[in-house]
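A.B. asks: pasting the structure only:
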């Protein structure tokens with residue numbers, strides 16, 4: 001199993017230009033930490049949209065993650081493009097993306113994630129044409145990550161590994177008249193996990209990640225990227241700063257809470 005930390009989101013500080021948007025649901029919502037604040041397309045050709053992304057300067061990009069989307073099937077065109085030309089006169093590099101169901105087959109929040117060889121460009125374009133059944137339909141997208149990731153050399157501590165809980169904050173109360181009053185609140189996941197750090201280089205990358213996100217910044221963690229990238233890629237934040245132990249190696253212990 002491969003574990004990835006997607007924590008340095010270049011997308012959040014980029015300039016966006018969309019080809020289509022509903023005035024009440026602008027493309028800038030994809031830079032908001034709440035997944036429920038979505039970009040909704042609204043164009044002359046519904047379902048077809050591009051999102052031009054100016055990173056400000058050429059920056060290394062090795063991964064993308066998308067969350068809060070409502071595509072129910074693979075878009076006909078679904079790709080991330082890279083160019084040195086702000087007018088996108090020619091596309092220098094393209095990464096094709098694969099759709100995953102949201103929610104997943106197990107009813108969790110789905111995430112589209114892809115890693116690739118490092119690409120250094122200033123201008124990127126998310127290009128989507130969605131036409132289920134031949135009928136174009138406008139769509140929503142809630143959160144975008146474009147940047148780099150940290151991958152430990154050894155994914156999990158052999159003994160501690162990974163464990164998770166589902167939290168349902170809904171509650172049932174009884175009114176004075178004896179009736180049940182039920183507040184249904186979105187469920188979320190909490191994951192406890194541990195991995196080891198065996199080299200100085202890995203230790204420095206680990207510290208860089210922690211110094212960047214702390215407990216106040218949301219990030220994506222792919223807990224089982226090799227086998228279940230859609231099911232086990234979770235968007236959220238650390239509940240507390242990690243505990244550290246050192247014998248012959250460093251061991252980091254985490255608690256991670258899914259954002260609703």
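C.D. replies: Right, received. Where do you want to start? Source: prediction; values computed, not measured.
A.B. asks: going forward, measure contacts between C-alpha atoms and count neighbours the same way
C.D. replies: Noted.
A.B. asks: Identify all contacting residues around stretch 96-116.
C.D. replies: The contact list for stretch 96-116 (C-alpha atoms under 8 Å, 6 or more residues apart in numbering) reads 62-75, 78-80, 95, 229-231, 233-234.
A.B. asks: okay, how far is it across it, tip to tip?
C.D. replies: 10 Å (C-alpha to C-alpha, to the nearest Å).
A.B. asks: Let me see the mean pLDDT of it.
C.D. replies: Stretch 96-116 shows a mean pLDDT of 94.
A.B. asks: What is the least confident helix or strand in this structure?
C.D. replies: Lowest mean confidence among the helices and strands of the chain (mean pLDDT, DSSP states H and E): strand 243-246, at a mean of 69.
A.B. asks: Flag every buried residue along stretch 178-185.
C.D. replies: When burial is assessed from 16 or more other C-alpha atoms under 10 Å, stretch 178-185 yields no buried residues.
A.B. asks: what do you get for stretch 122-134?
C.D. replies: Of the residues in stretch 122-134, those buried (16+ other C-alpha under 10 Å) are 122-131.
A.B. asks: contacting residues for the residue lying closest to residue 141 once chain neighbours are set aside?
C.D. replies: The spatial neighbour of residue 141 that comes closest, neighbours along the chain excluded (C-alpha to C-alpha, 6 or more residues apart in numbering), is residue 69 at 4.2 Å. Residues in contact with residue 69 (C-alpha under 8 Å, 6+ apart) are 102, 139-142.
A.B. asks: any idea which of these has the most stuff around it?
C.D. replies: Counting neighbours by other C-alpha atoms under 10 Å, residue 142 comes out on top of the contacts of residue 69 with 24 neighbours.
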